[in-house]
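S.K.: Turn this into a model:
(2 chains)
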Amino acid sequence: GAVVSQHPSWVICKSGTSVKIECRSLDFQATTMFWYRQFPKQSLMLMATSNEGSKATYEQGVEKDKFLINHASLTLSTLTVTSAHPEDSSFYICSARDPELYEQYFGPGTRLTVT
Amino acid sequence: QQQVKQSPQSLIVQKGGISIINCAYENTAFDYFPWYQQFPGKGPALLIAIRPDVSEKKEGRFTISFNKSAKQFSLHIMDSQPGDSATYFCAARVGSDDMRFGAGTRLTVKP
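M.R.: Here you go, the predicted structure:
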């Protein structure tokens, strides 16, 4: 299957700082990418849908001003957690959708720890 | 809102046995049903998927059984191996919409 990368794979930051996570589709162009959050032993919770060249669509209850999403190119979407707090600590996973098959390919995830 | 209900939450199977994970859905507009496998600290990986026009799809040791009238589908892992120990998620999607995931099943295959 197609490859989606995420960077960094893990990050520790202090409370109040901002953290940027990158998601790249390596061998196909993705007009649509998704950002998920996963708590330990739980399912994936969709945070937002990112469309290239337009504003992201956020799920109900997700603060758009806190979780900034930018999808500036067909192979890159970024999630910035602004003014991070310990409760933002989680596993963040992105996925990119193949525009021909509509299949979603997931990145390896980013473990965020806010101290 | 859980659009796809998955069971059991956890499953322990002996090596060589059959692992069975079930999912049920309500939205009859769903037209694509994938299963994902996730190892700890990793992202989910597509395992196998089915569309509602077929009742069964097999790929190696993995089989999806689909019952459209009952709005249920299941994953069967034959000859389960310790390396199959992971969390499995069923999912469903309408057209090009985003994927809706089940709660996940943690499978442990004992040697």
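
S.K.: Please identify the residues of chain B in proximity to chain A?
M.R.: B:32, B:34, B:36, B:41-46, B:49, B:89, B:93, B:95-96, B:98-99, B:101-104, B:106 (Cβ under 8 Å from any Cβ of the partner chain). No exception for glycine: its C-beta is placed from N, CA and C like everyone else's.

S.K.: any low-confidence regions in chain A?
M.R.: Scanning chain A for pLDDT under 70 picks out A:1.

S.K.: Please produce a ChimeraX select command covering the buried subset of the residues of chain B next to chain A.
M.R.: Burial among the residues of chain B next to chain A is assessed by 16 or more other Cβ atoms under 10 Å in any protein chain shown; the matching ChimeraX selection reads:
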select /B:32,34,36,42,43,44,46,49,89,93,98,99,101,102,103,104,106
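
S.K.: if you look at the residues of chain B next to chain A, which of them are in strands?
M.R.: Among the residues of chain B next to chain A, the ones falling in strands (DSSP state E) are B:34, B:36, B:45-46, B:49, B:89, B:101, B:106.

S.K.: looking at the sheet around whatever residue of chain A ends up closest to chain B, what are its partners?
M.R.: When scored by Cβ to the nearest Cβ, chain A has A:F106 as its residue closest to chain B, at 3.8 Å. In this entry, A:F106 is beta-bridged to A:S95, by DSSP bridges.

S.K.: Run a quick neighbour tally on it.
M.R.: By other Cβ atoms under 10 Å in any protein chain shown, the residues close to A:F106 number 24.

S.K.: residues in contact with it?
M.R.: A:4, A:93-95, B:36, B:43-45 (Cβ atoms under 8 Å, 6 or more residues apart in numbering or on different chains).

S.K.: Please look at A:S18 and A:V81 and confirm they touch.
M.R.: Yes. Checked against Cβ atoms under 8 Å, the pair A:S18 and A:V81 is within contact range at 6.5 Å.

S.K.: The two: which has the busier surroundings?
M.R.: Taking neighbours as other Cβ under 10 Å, A:S18 and A:V81 compare with A:V81 leading, 23 against 12.

S.K.: The closest residue to that one other than its chain neighbours: neighbouring residues, count only.
M.R.: Nearest residue to A:V81 in three dimensions, chain neighbours excluded: A:V19, at 4.8 Å (Cβ to Cβ, 6 or more residues apart in numbering or on different chains). The number of residues packed near A:V19 is 19, by other Cβ under 10 Å.
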